[in-house]
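Colleague: this is a predicted model, with the sequence first.
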Amino acid sequence: MLLVGVGELVTNEPGPGREGGPLGIVRDAAVLVEGDRIAWVGADTHARERVSRHPGRDDREEGEEHRELWDDPVDVVDLAGGCLVPGFVDSHTHLVFGGDRADEFAARMAGRAYEAGGIRSTVAATRAASDDELRARLAGFVAELRAQGTTTFEVKTGYGLTVADEERLARLAAEVTPEVTFLGAHVVPAEYADRPDDYVDLVIGPMLDACAPHARWIDAFCERGAFTPDQSRRVLEAGAARGLGVRVHGNQLGPGEGVRLAVALGAASVDHCTYLSDADVAALAASDTVATLLPGVEFSTRQPYPDARRLIDAGVRVALASDCNPGSSFTSSMPFCIAVAVREMGMTPGEALHAATAGGAAALRRDDVGVIRAGARADLVELAAPSHVHLAYRPGVPLVRRVWKDGAPA
Ligand code: NIG
Ligand code: FE
């Protein structure tokens, strides 16, 4: 497949002649896709000329780079001046659950505060749901994500909180994504309320044994009302010892040690980052840990938004993700997150798009997604707009026109 007539191509690969700093924008571009990968990125005129010639294997030009790419006829798709961006990378979701908490949301909008304890009501509904019910629900969310331009997504466990329930959530998540996170340390379940350390023993023992084969990541909710820094550290170190990468929920509901714990453990990402001290920001800036910001949470809990500007200006690598879950953020829309981040968190439209694509890829330690370059996965989003700025400029408007995942229409 050859995409031509791309008025604005956001590659996330800066280079000579490209615009937009880290966005690496190419004007009047074309993208050649072979199988599930991007084969070539370049000028629209060059691509059209080569395709019209269809050189055979015997009439290649001497020294012509990539000449073999143009030997076979390709399907040509003309974007007629539209904008093409990398598929969104949503590095933080909780998509396997039963029930919803619309009543809790309505109560919050009437003045009640968000509390981590609400997680337990979703745990009860999730335990009561069958595998097939959870699978069907998950498939619906995956369809929502794709329709809104998300081509890579992470899914956490954390609404089972027994060995058997966490194992089935991890297994179901692994059916839809390679980016599965074991979050047995989401909250202490009601039956362990009086003995949280016994629950931590369960998490790092039989629960980890059951979930690790399905997971790539370990996570812990390090927050008042969830797990202490010491408990979180035990969980994260046990996961790391099993070969899982580390990610942390930290500094969501108040100041705390989550961010510094994440940095100390070399976490790929610490997520939320709403309440940060200067020392937290400095520690992040000096690390490889990505700060993943989740605008849907503050939108849905009426808490103050994280200060993306402060983080970016300090040199911290930032990602945007949806945190899609039935409690704190029931949106699956990365365009919504981009628009809110621009309006409320001090990001430019370009910074927000970069954080929602390349930032998410960095938070998942992936170099094959979140970028449009030869060799990367052909995960592409065509916008019904002339420029990426419209993602924030036209909030709430369905601008995602076509999506390709691994080179196939999604
Ligand atoms: O990322 N912070 C912890 N976990 C989720 C909320 C889950 C819930 O409220 O059900 C989050 O916001
Ligand atoms: Fe979360």
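Modeller: Nice, I can see it. Ligands and ions are numbered 1, 2, ... in the order given.

Colleague: for the residue in the chain that ligand 1 sits nearest to, which three-state class applies?
Modeller: Of all residues in the chain, the one sitting closest to ligand 1 is Gly327 (2.2 Å; Cβ to the nearest ligand atom). Where you see a C-beta, it was placed from the backbone N, CA and C, and this is true even at glycine. Judged by DSSP: H, G, I helix; E, B strand; the rest coil, the three-state class of Gly327 is coil.

Colleague: from what I see, it and Asp103 are in contact.
Modeller: No. Using Cβ atoms under 8 Å, Gly327 is not in contact with Asp103, being 11.5 Å away.

Colleague: what's the helix or strand for Ala341?
Modeller: helix 334-344 (DSSP states H and E).

Colleague: not counting its neighbours along the chain, what's nearest the residue of the chain closest to ligand 1?
Modeller: Gly118 (4.9 Å; Cβ to Cβ, 6 or more residues apart in numbering).

Colleague: any idea of the pLDDT on the one you found?
Modeller: On pLDDT, Gly118 comes in at 89.

Colleague: tell me the contacts of it?
Modeller: Counting by Cβ atoms under 8 Å, 6 or more residues apart in numbering, Gly118 makes contact with Arg101, Glu104, Gly327.

Colleague: nearest spatial neighbour of the second one, skipping sequence neighbours?
Modeller: What sits nearest to Glu104 in space, not counting adjacent residues and going by Cβ to Cβ, 6+ apart, is Gly118, at 5.5 Å.

Colleague: so what would you say the end-to-end distance of stretch 184-197 is?
Modeller: Using Cα to Cα, to the nearest Å, one end of stretch 184-197 lies 13 Å from the other.

Colleague: wait, I meant stretch 365-373
Modeller: For stretch 365-373, the end-to-end distance is 17 Å (Cα to Cα).

Colleague: other residues contacting it?
Modeller: 9-13, 31, 38, 41, 84-87, 89, 151-152, 245, 268, 357-362, 375-377, 379-380.

Colleague: show me which of those are buried.
Modeller: 9-13, 31, 38, 41, 84-87, 89, 151-152, 245, 268, 357-362, 376-377, 379-380 (16 or more other Cβ atoms under 10 Å).

Colleague: buried only: go through the contacts of Gly118 for me.
Modeller: Using 16+ other Cβ under 10 Å as the burial test, these include Arg101, Glu104, Gly327 as buried.

Colleague: show residues contacting whichever helix or strand Val89 is part of.
Modeller: Per DSSP H and E: Val89 is located in strand 88-90. Strand 88-90 is touched from outside by 145, 148-154, 319, 321-322, 324, 332, 334-335, 356-361, 363-364, 366, 369-370, 381, with contacts defined as Cβ under 8 Å, 6+ apart.

Colleague: in helices only, show me the residues you listed.
Modeller: The members of the contacts of strand 88-90 that map onto helices under DSSP state H are Leu145, Met334, Pro335, Gly360, Ala361, Ala363.

Colleague: and the stretch 151-300 of the chain, which of its residues are near ligand 1?
Modeller: Contact residues, the stretch 151-300 of the chain versus ligand 1 (Cβ under 6 Å from any ligand atom): Phe221, His249, Gln252, Val297.

Colleague: count residues in the vicinity of the last one, would you?
Modeller: To tie it back to what came earlier, the one meant is Val297. 27 (other Cβ atoms under 10 Å).

Colleague: now it: phi and psi?
Modeller: phi -70, psi -50 (degrees, to the nearest 10).

Colleague: check the first one too.
Modeller: With angles defined as degrees, to the nearest 10, Phe221 sits at phi -90, psi 100.

Colleague: residue contacts, the closest residue to it other than its chain neighbours?
Modeller: Nearest residue to Phe221, sequence neighbours excluded (Cβ to Cβ, 6+ apart): His249, at 4.2 Å. His249 makes contact with Asp219, Ala220, Phe221, Cys222, Glu223, Ala226, Gly258, Val270, Asp271, His272, according to Cβ under 8 Å, 6+ apart.
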